[in-house]
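In: structure of the sequence below:
(chains A, B and C)
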Amino acid sequence: MSDAGASPLVQVRGLKMHFPIYAGIFRRHVGDIKAVDDISLDIRESETLGLVGESGCGKSTAGRAVLRLYDITGGSITVDGTDISDIDKEKLRHLRPKMQMIFQDPQASLNPRMTVAGIIGEPLVEHMSLSRAERLERVYELMDAVGLNRSFANRYPHEFSGGQRQRIGIARALALHPKFIVCDEPIAALDVSIQAQVVNLLEDLQEQFGLTYLFISHDLSMVRHIADRVAVMYLGKIVELAPRDELYGAPLHPYTQALLSAVPEPDPVRESQRKHIILTGDVPSPSNAPVGCNFCTRCPRAEQICHEIEPEFRQVDKGRYTACHFVGDTAIKTAEPTVGETVKP
Amino acid sequence: MLNYSIRRLLLAIPTLIAISLIIFLLLDLAPSDPTANLPLTIPPEVREKIRQSLGLGDPIYIRYLLWCKQFFVNEPLNILEQWFGWGSGDRLRVLSWQTRSPVVDLIVERMPQTLWVVGMSYVVGVLIALPIGIISAYRQYSWFDQIGTFVSMVGFSVPTFFTGVLVIVIFSVWLGWFPSIYDTTHQVTDWESFLFQVRQMIMPVAVLALFNAAQISRFMRASMLDNLNQDYVRTARAKGLRERTVVMIHVLRNSLIPVVTVIALGVPQIFGGAIITEQVFKVNGLGQLLIISIQGGDLPTVQTLTFIFAVLIIVFNLVADVLYGILDPRIRYD
Amino acid sequence: MRVRTLLLGAAAAVAIAPAALAERGSDGEVKIIYWQAPSTMNPYLSGGTKELEAASLVVEPLARYDQDGNMVPWLAESVPTVDNGGVSADLTTINWKLKEGLLWSDGSPVTSADVVFTWKYCADPAGGCAQSEKYNDVTDVKAVDDLTVTVTFGVPKPFPYGPFVGAQAPIIQAAQFADCLGAKAPECTDANFGPMGTGPFRVTEFRPNDVISFEANPNYRDPDKPAFATVTFKGGGDTASAGRSVLETGEFDYAWNMQLAPDVLGAMEAAGKGTVVSAFGTLVERIMINLTDPSPALGDARSTKAHPHPFLSDPAVRQALSMAIDRALLVEIGYGAAGKPSCNVLPAPAIYKSTANDGCLVQDIEGAKKLLDDAGWVPGGDGIRAKDGVRLSILYQTSTNAVRQDFQALIKQWWSEIGVETELRNIDASVFFGGDPGSPDTFQKFFADVEMYANNFDGTDPEAYMANWECKQAPTPETQWQGNNMPRYCSEEYDALVAKMAQTGKLEERAELAKAMNDKLMQEYIMLPLVDRGRVSAHSNTLGGVVLNVWDSELWNVADWYRTKTQ
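Out: Numbers count the residues shown, from 1 in each chain, chains lettered A, B, ... in the order given. The predicted model follows:
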């Protein structure tokens, strides 16, 4: 779909999002939750970048930080040539139309006291000078675009099903002709039967309006379906970034390998022959990340170096980036995991 | 909504009758004697005669039915007849034992000062509480919030008989700015008398408003905090709305839903008067009427007052529910 | 401030015309505060002091008592006595003659028919008249002519000054209350709230339990009085704030019944705006001793004559309890200027006051111990005295009241010094004095060993008061616990004295009898008087003419009040 030479629409460099922890009687600052800790990535125009990882790995925070819904702790974000990492709220507000977000929970993300027309039309009031009739016309257009019946315009969000609510959320995001949309687990809260509809809608809209997506999800098969390239996050850092087929075909990082091995195979014969890598232990707390490689506490390949030196996130092949001391070592590229449990179902 | 309200009102009738009976029984069972406050020099035989003349010799069900008849039949009929001039309207009314005058007249006489002072303090309290609650929540843990929390705690936990006496000592005794005793006979006729009315209301209103504001601002703050962290607020920000719009339109409107109902539920308290504050400032409104009636064993007055409070509480519960339905589109009654 | 300008205006008015020569209404407004608010203006429908005193501005009796307890004619020309022929020799009739030319505030003449009507009004059994005690034994009241009435008693009345005398028994207007007899009495709200009167003021607005506005009565008998044109009579609040409004802020001119801790009142007076005045009547704070056994084990026979008290029936114990008390210290702590130590239950008026018991004024712990030792009560291992297995352990009850609880604590301490154990108990006043036969906590039931409260009598004549301790006055289950003889004292000699007094007309002889009864009660230690409690009121320094009177309404001479020139 996208070619590698296209210029990046979004450039993220060394993005950090730390949340302070206060404790004690005087609420002293005692530490930070490093939800996003030094990530860098580019998103090219009209592509879909999938961002995957376990719950709590910081992918949603990363998505919100990229849109400056948080005041970031460090790093830079450039969207469509404008550095937004440090600009004031008012300027940022004027940039909002370009970059939008679709939220995970369509119920909670819609103001319960506003009608559909109000929700979709509100950004138009704020950012465009349209007459009331023009605005309503635009609202209807958007409702058509996402497949909502126009007659629903004066209803309230609670009167809709989950899939319909997500369509409202999408229509709202589209209202101002954005270039870049962060989809923060847009299908996680929906029934499986509805998920495909919404994903197809997102794909259609991408084609129609030339949208660029950052698609955040924990659903690896869905990301494989929609994304052009995929980034894998673990404990606030990106551990691997690669074009979709390479990543799914030959994951480089031990975490990616473990993650992919957990995806069930529809064919029972092949499924029975696969080897699953089961990770032991829990994800460490982002407020107290391990020294060295973040993954060293659970990595089946971990060695002394992993506990001492943090691996660099580097390009190891064309378009392929990873952060592992052993990548580049030919042994790892082909090796089956030898440490850790290997289970046959 | 109309059907719902009518149904609720109809359901309230048996509830209220039950309440009136319970109040009556409770008052009757409580040890109280209308002659207890008379000087010891009045001999027991005379006390007994007084009790008999008050009807205490009748069995309890007779007394209850008599009260019901006087309150539910005679009082409304008298009012109607007097309004429309149908008749003399002189059926036997509910008479207070202390003053031997109609209880309803006592209540009507005391309503103005209670509404002026207690009602005003509620309005002032709400007006202070909302901005404090909003700012406290928006700037959680800021200095403003900390001070707001402290003042609320003080307002909530320091009783009005303390703050009342404190302001009297400061502003009446030391500074001589305001009268310490409320003049209930004062008539507002011109600018001068209006200023006097304001001056005599300032202290009781301020003391009560502090107490009310403390409560409501805490509610407002909590409700704002709930909503500020909601996803739809992030949506609103992502839309590129002004922060003002985000807070005042999206967050505030949603946060007001529970606060408005709390405010509505508090309205009957206004009519109940503020027993202590009225005593401290000698406002002599409904709260003081209730407390001296209790002290004096004046059962008809206590019964009538508490019953009217019960009616108000039921009505304002309904008002709160209806308001909730109007404000929150997710709630529908039918 | 409005109050201040008024005061200044009043002061200016006084400056022009000296107080003594003031014209009616020339001194503007006088503001009175009672921390208990009057609920009616009809003294016959409420026995409360606050109502009587508020009403005394408007309605007046035929005769009343001055500050020394002497009877003075008020609406009557003179006080009838046996000597001047006004009282018949057999003590059964009394003739009152009204002053001539008296007018009601509506301008109609006051006649003997009004006096007759007043009796009928109160005597109606369905009316629940609170002052019917005043009309006891009256069989008839007849108008002899327009100004003369004859009151006939069914029994000889050595003290025939109950009806129509004092603030409790004023004359009301027949025309106004004609339709308000008996059961109809409470329905006459307008009349009850605004009675027609002969007094210096008349009601312009009555707000029950709140405030009363008065104006000078245009038909008052003395054309130069009252000096004040209007009276604002505010009620409600609490003692301290009433005192503050007179003594500290100067908003009010007169505050009634300042029952405050002595130091609090002293601090208020120091502000220099007003003066505290006190006067002593017959109110005595006393400890009553239960001569019967209050043990719960006795069931219905609890606190009845059937079972004498296990140790309080021993006079030595009672005397020792009295000797251990330091009355002067109690006064200092609890009442200050508003009290003085008392060794008599009948402390006033002066002619009735005995001096035979003054020994109790001095505390004598050692004497008390010796007395108990001699009587065989010896300290046990725990320091508590006992005899034959009976320990001196006392349950001491009173009403809930800060001063009373201070007293309890002090007395408990003194009694423990002489080896008597005390358990303290306080009961809400409305229950304690409530007289509810269903409650175990009333002062009449007296389910305790000793109890403390104050009592007094109306007027100046102690006959009925001293009769309280007749044998038959003891509260029992048969009388629904009615009666005033709390100690359940029963003495034939005492009852004989009571009977004799009821037949004695001469004042000096009556005084001797009353003293003898008092001394008998005191010397048998049936009750332990503690403090003679005076009445304390406060008035502004700009208010003149206040004469505190404990024998009648405090506002008895309000017609003579005036605004002084300067502060």
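In: what number of residues lie near the closest residue to B:V251 other than its chain neighbours?
Out: Among residues not flanking B:V251 along the chain, B:N227 sits closest, at 4.9 Å (Cβ to Cβ, 6 or more residues apart in numbering or on different chains). C-beta here means a position set from N, CA and C on the backbone, and glycine is covered the same way. The tally of other residues near B:N227 (other Cβ atoms under 10 Å in any protein chain shown) stands at 22.
In: hang on, isn't B:N227 packed against B:R253?
Out: No: B:N227 is beyond contact range of B:R253, at 9.1 Å (criterion: Cβ atoms under 8 Å).
In: so where does the spatially closest residue to C:V87 that is not a sequence neighbour fall, helix or strand?
Out: Spatially, and ignoring its direct neighbours in sequence, C:V87 is nearest to C:I94 (4.9 Å; Cβ to Cβ, 6+ apart). Element membership for C:I94 (DSSP states H and E) is strand C:93-97.
In: now that strand - C-alpha only, PDB.
Out: Provided in PDB are the C-alpha atoms of strand C:93-97 (Å, rounded to 0.1, in the frame of the first residue of the first chain):
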ATOM      1  CA  THR C  93     -65.200  37.400 103.300                       C
ATOM      2  CA  ILE C  94     -63.100  40.200 102.000                       C
ATOM      3  CA  ASN C  95     -64.400  43.500 100.500                       C
ATOM      4  CA  TRP C  96     -62.300  45.100  97.700                       C
ATOM      5  CA  LYS C  97     -63.000  48.700  96.600                       C
END
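In: following element in sequence after it, please.
Out: Of the helices and strands lying after strand C:93-97 in sequence (DSSP H and E), the nearest is helix C:112-123.
In: where does the stretch 1-150 of chain A dip in pLDDT?
Out: Within the stretch 1-150 of chain A, the stretches with pLDDT under 70 are A:1-6.
In: next one: the stretch 51-200 of chain B
Out: B:87-90.
In: leaving out the residues flanking it, which one is nearest to the residue of it found nearest chain C?
Out: Residue of the stretch 51-200 of chain B nearest chain C, by Cβ to the nearest Cβ: B:S53 (2.6 Å). Nearest residue to B:S53, sequence neighbours excluded (Cβ to Cβ, 6+ apart): C:G128, at 2.6 Å.
In: now do C:G69
Out: Once flanking residues are discounted, C:G69 sits nearest to C:P349: 3.8 Å by Cβ to Cβ, 6+ apart.
In: swap in C:Q67?
Out: Spatially, and ignoring its direct neighbours in sequence, C:Q67 is nearest to C:N549 (4.6 Å; Cβ to Cβ, 6+ apart).
In: tell me the SS of that neighbour?
Out: Classification of C:N549 using DSSP: H, G, I helix; E, B strand; the rest coil returns coil.
In: near chain B, which residues of the stretch 51-200 of chain C?
Out: Within the stretch 51-200 of chain C, the positions near chain B by Cβ under 8 Å from any Cβ of the partner chain are C:125-133, C:183, C:185-187, C:189, C:192-193.
In: try 6 Å this time
Out: Residues of the stretch 51-200 of chain C lying close to chain B by Cβ under 6 Å from any Cβ of the partner chain are C:128, C:132-133, C:186, C:189, C:192.
In: nearest to B:V233, of those residues?
Out: Checking those against B:V233 with Cβ to Cβ, the nearest one is C:T189 at 60.9 Å.
In: the closest one and B:V104 touch, don't they?
Out: No: using Cβ atoms under 6 Å, C:T189 is not in contact with B:V104, being 11.8 Å away.
In: between the two, what contacts are shared?
Out: Overlap of the contact sets of C:T189 and B:V104 (by Cβ atoms under 6 Å, 6 or more residues apart in numbering or on different chains) is empty.
In: the residue nearest to C:V87 against C:V151, yeah?
Out: Yes: C:I94 sits in contact with C:V151 when judged by Cβ under 6 Å, with a separation of 5.0 Å.
In: run a quick neighbour tally on the residue nearest to C:Q67.
Out: 21.
In: per-residue confidence at it?
Out: C:N549 is assigned 89 on the pLDDT scale.
In: can you check C:R563 too?
Out: In this prediction, C:R563 carries a pLDDT score of 90.
In: tell me the secondary structure of the spatially closest residue to it that is not a sequence neighbour, please.
Out: Ranked by Cβ to Cβ, 6+ apart and with sequence neighbours excluded, the top spatial neighbour of C:R563 is C:D27, at 4.1 Å. Counting by three-state DSSP, the backbone at C:D27 sits in coil.
In: distance-wise, check C:D27 relative to B:T15.
Out: Computed with Cβ to Cβ, to the nearest Å, the distance linking C:D27 and B:T15 is 57 Å.
In: all strands of the stretch 1-150 of chain A, in order?
Out: A:8-23, A:28-44, A:48-52, A:74-79, A:82-83, A:99-102 (DSSP state E, counting those that start in this stretch).
In: ok so, going back, how about the residue nearest to B:V251, what does it touch?
Out: Shown in contact with B:N227 (Cβ under 6 Å, 6+ apart): B:251, B:254-255.
In: how about the residue in chain A that chain B sits nearest to, nearest residue that isn't a chain neighbour?
Out: Of all residues in chain A, A:R96 sits closest to chain B, at 2.6 Å by Cβ to the nearest Cβ. Excluding its sequence neighbours, the residue lying closest to A:R96 (Cβ to Cβ, 6+ apart) is B:G240, at 2.6 Å.
In: the one you found belongs to a strand, doesn't it?
Out: No: using three-state DSSP, the assignment for B:G240 is coil, not a strand.
In: burial count for it?
Out: B:G240 is flanked by 20 other residues according to other Cβ under 10 Å.
In: quick check: phi and psi at it.
Out: phi 80, psi 30 (degrees, to the nearest 10).
In: can you show me the helices along the stretch 201-334 of chain B?
Out: Taking DSSP state H, counting those that start in this stretch to define them, one finds helices in the stretch 201-334 of chain B at B:231-238, B:243-245, B:252-272, B:275-281, B:286-295, B:299-327.
In: now do the stretch 201-345 of chain A
Out: Along the stretch 201-345 of chain A, the stretches classed as helices by DSSP H, counting those that start in this stretch are A:220-226, A:244-249, A:254-261, A:268-273, A:330-334.
In: which of those helices sits most buried?
Out: helix A:254-261 (a mean of 22; mean count of other Cβ atoms under 10 Å in any protein chain shown).
In: got a list of contacts for it?
Out: With contacts defined as Cβ under 6 Å, 6+ apart, helix A:254-261 is touched by A:232, A:234, A:239-240, A:251, A:276-277, A:279, A:295, A:299-301.
In: ok, now with 8 Å
Out: With Cβ atoms under 8 Å, 6 or more residues apart in numbering or on different chains as the test, helix A:254-261 has contacts from A:52, A:54, A:220, A:232, A:234, A:239-240, A:247-248, A:251, A:274-279, A:295, A:299-301, A:324, A:337.
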